[in-house]
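Trainee: I would like to see how this sequence folds:
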Amino acid sequence: MNRHIESLELPAATPFFQDAPDSLAGEHERSCILIVDDSTLDRRVLQDELEADGYQVQTAIDGEEALLRVAEAPPDVILLDVVMPKLDGFEVCRRLKSDPKTILIPVVMVTTLSQTEERIRGIEAGADEFLSKPVNRQELKTRVRSLLKLKRHTDELENAETVLFTLAISVEAKDPYTNGHCDRLARYSVALGKTLGLPGEHLRALHRGGVLHDVGKIGIPDSILLKPGPLTKEEREVIKSHPVIGERICAPLKSLRLVLPIIRHHHERWDGGGYPDGLAGGSIPLTARILQVVDLYDAFTTQRPYKPAYTKERAFAIMREETARGWWDSTLIEAFISMVLENRLP
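Mentor: Below you'll find the predicted structure:
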């Protein structure tokens with residue numbers, strides 16, 4: 001463990017910790033805390049205090065080392081000083097909170113800065129909590145314990161999402177002709193969303209929707225889902241239930257709230273002839289319409305049991321023919337075709 005510790009004594013005139021009742025018993029948790037501070041003395045005091053309560057502690061002497069340590073082994077909580085060489089705490093926090101891999105790690109800014117403007121900068125960078133130097137022992141322990149509890153809940157939600165993504169991929173794996181379909185739809189949807197100027201949260205929903213749009217097929221019998229010949233009327237009705245099943249599976253997770261409209265409505269049609277709700281025109285959510293467009297293109301340009309893979313030119317022609325019949329959103333169809341012709345499809 002690299003503690004960067006020197007033999008220094010606490011200066012009596014400027015204590016790092018304020019006096020406070022030390023009544024909190026050691027929790028003996030094995031959670032990992034990363035302390036980032038260019039002051040050897042401050043790092044040592046925080047490290048000793050947290051290790052005494054049973055936490056695993058790592059340290060970093062500046063922002064660059066902090067990012068390397070997080071990349072190597074993501075901690076459960078980060079205690080981050082603001083004024084540091086190379087990268088200050090604001091920039092480190094901003095980078096962590098802009099990366100999907102680290103956005104959920106709680107960050108506590110520990111600083112002597114008390115101005116409102118500095119706190120606002122920290123909030124804008126994504127900081128979860130603040131601690132002022134000199135640090136109050138009780139406040140330190142309470143904040144860390146509270147954020148660790150929040151992190152455990154967040155990890156549970158992430159695990160639940162992982163299970164759903166695994167289910168979706170397992171559905172895709174049943175049919176060799178749809179290999180890679182979900183990944184392509186996720187990438188194509190995000191690309192079209194960016195072209196349309198959609199905000200980040202909707203781009204994330206499009207990526208998740210590309211993977212999860214058909215997760216409801218887990219509830220469709222294989223005898224129907226993989227039937228090589230034409231489906232009966234009754235079997236088609238069973239297939240049409242998969243968007244509702246998928247929505248029901250994903251609904252308990254609030255983190256997927258923007259994905260639910262994609263899952264439920266990606267088989268609606270511009271003229272109202274789709275399912276499950278017969279929505280028409282602009283009443284179909286935009287993100288669902290985006291997935292429809294990229295799903296059409298992928299279906300036409302990949303081999304299926306009933307057809308060969310079409311060229312993109314033929315795919316465009318069919319997409320425009322169907323749009324002329326009133327099936328799809330013409331604005332999105334043309335935006336997607338332009339994107340492909342300009343080689344902006346990932």
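
Trainee: so where's the longest helix in this protein?
Mentor: helix 137-173 (DSSP state H).

Trainee: Mind checking what secondary structure the spatially closest residue to K227 that is not a sequence neighbour has?
Mentor: Take K227 and drop its neighbours on the chain: the residue closest to it by C-beta to C-beta, 6 or more residues apart in numbering is E235, 7.0 Å away. From N, CA and C alone the C-beta is placed, and that goes for glycine too. Following DSSP: H, G, I helix; E, B strand; the rest coil, we place E235 in the helix state.

Trainee: how many neighbours does E235 have?
Mentor: 16 (other C-beta atoms under 10 Å).

Trainee: Could you double-check that it sits in contact with P221?
Mentor: No. Using C-beta atoms under 8 Å, E235 is not in contact with P221; the gap is 9.1 Å.

Trainee: in what helix or strand does I245 lie?
Mentor: Secondary structure from DSSP states H and E places I245 in helix 242-250.

Trainee: Show me which parts of that helix are buried, residue by residue.
Mentor: 242-247, 249-250 (16 or more other C-beta atoms under 10 Å).

Trainee: and what of stretch 288-303?
Mentor: 288-298, 300-302.

Trainee: Which single one of these is nearest to Y310?
Mentor: Nearest to Y310, judged by C-beta to C-beta, of those is F300 at 4.8 Å.

Trainee: quick one: the helices in the stretch 1-150 of the chain?
Mentor: Under the criterion DSSP state H, counting those that start in this stretch, the stretch 1-150 of the chain contains helices at 40-52, 63-72, 89-97, 116-125, 137-173.

Trainee: now the last one against helix 242-250, angle please.
Mentor: What that stands for is helix 137-173. Computed with axes from the mean of the first three to the mean of the last three C-alpha atoms, to 10 degrees, the direction of helix 137-173 lies at 160 degrees from that of helix 242-250.

Trainee: Remind me what helix 137-173 packs against, helices and strands.
Mentor: Using 3 or more C-beta pairs under 8 Å, 6 or more residues apart in numbering; DSSP states H and E, the elements in contact with helix 137-173 are helix 40-52, strand 77-81, strand 107-111, strand 129-132, helix 181-195, helix 200-212, helix 242-250.

Trainee: by how many degrees do that helix and helix 200-212 diverge?
Mentor: Using the same axes, to 10 degrees: helix 137-173 against helix 200-212 is 40 degrees.

Trainee: show me where pLDDT drops low in the stretch 101-250 of the chain?
Mentor: For the stretch 101-250 of the chain, the stretches with pLDDT under 70 are 113-115, 156-158, 175-177.

Trainee: Show me how the record splits this protein into domains.
Mentor: 17-154, 174-341 (automatic domain parsing).

Trainee: where along the stretch 201-346 of the chain do the helices fall?
Mentor: Assigned by DSSP H, counting those that start in this stretch, the stretch 201-346 of the chain shows helices spanning 222-225, 233-239, 242-250, 260-265, 286-301, 312-324, 330-341.

Trainee: Return the distance of D271 relative to R325.
Mentor: Separation of D271 from R325 (C-beta to C-beta, to the nearest Å): 8 Å.

Trainee: so what's S189 up against?
Mentor: By C-beta atoms under 8 Å, 6 or more residues apart in numbering, S189 lies in contact with 206-207, 209-210, 287, 290-291, 294.

Trainee: one more time with 7 Å, if that's ok
Mentor: 206-207, 209-210, 290-291, 294 (C-beta atoms under 7 Å, 6 or more residues apart in numbering).

Trainee: Dump those into CSV; add distance to I33 as well.
Mentor: Formatted as CSV, the contacts of S189 follow (distance: C-beta to C-beta, whole Å):
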residue, distance to I33
L206, 35
H207, 31
G209, 36
G210, 36
I290, 41
L291, 41
V294, 43
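
Trainee: which one among those gets closest to D183?
Mentor: For the contacts of S189, the residue nearest D183 by C-beta to C-beta is G210; the value is 7.5 Å.

Trainee: which residues does the closest one contact?
Mentor: Counted by C-beta under 7 Å, 6+ apart, G210 has contacts 182, 185-186, 189, 291.

Trainee: How about it: what's its closest non-neighbour residue?
Mentor: A186 (3.0 Å).

Trainee: Which of the helices of the stretch 201-346 of the chain sits closest to Q58?
Mentor: helix 242-250 (35.8 Å).

Trainee: Can you pull out the residues in contact with that closest one?
Mentor: 164, 212, 214-217, 219-220, 256, 259-260, 263-264, 266-267, 276.

Trainee: Closest one of those residues to L41?
Mentor: L256 (45.8 Å).

Trainee: pLDDT wise, what is that closest one at?
Mentor: Listed pLDDT for L256 reads 90.

Trainee: cool, D99 as well?
Mentor: 88.

Trainee: Pull the number of nearby residues for it.
Mentor: Neighbour tally, D99, other C-beta under 10 Å: 13.

Trainee: do you know how far it is from L206?
Mentor: 19 Å.

Trainee: Skipping its backbone neighbours, what lies nearest the residue nearest to the spatial centre of the chain in space?
Mentor: Most central in the chain under C-alpha atoms, centre = their mean is P100, positioned 5.4 Å from the mean C-alpha point. Nearest residue to P100 in three dimensions, chain neighbours excluded: R204, at 7.9 Å (C-beta to C-beta, 6+ apart).

Trainee: before we move on, the earlier item: quick one: work out the angle between the helix holding I245 and helix 286-301.
Mentor: Using the same axes, to 10 degrees: helix 242-250 against helix 286-301 is 120 degrees.
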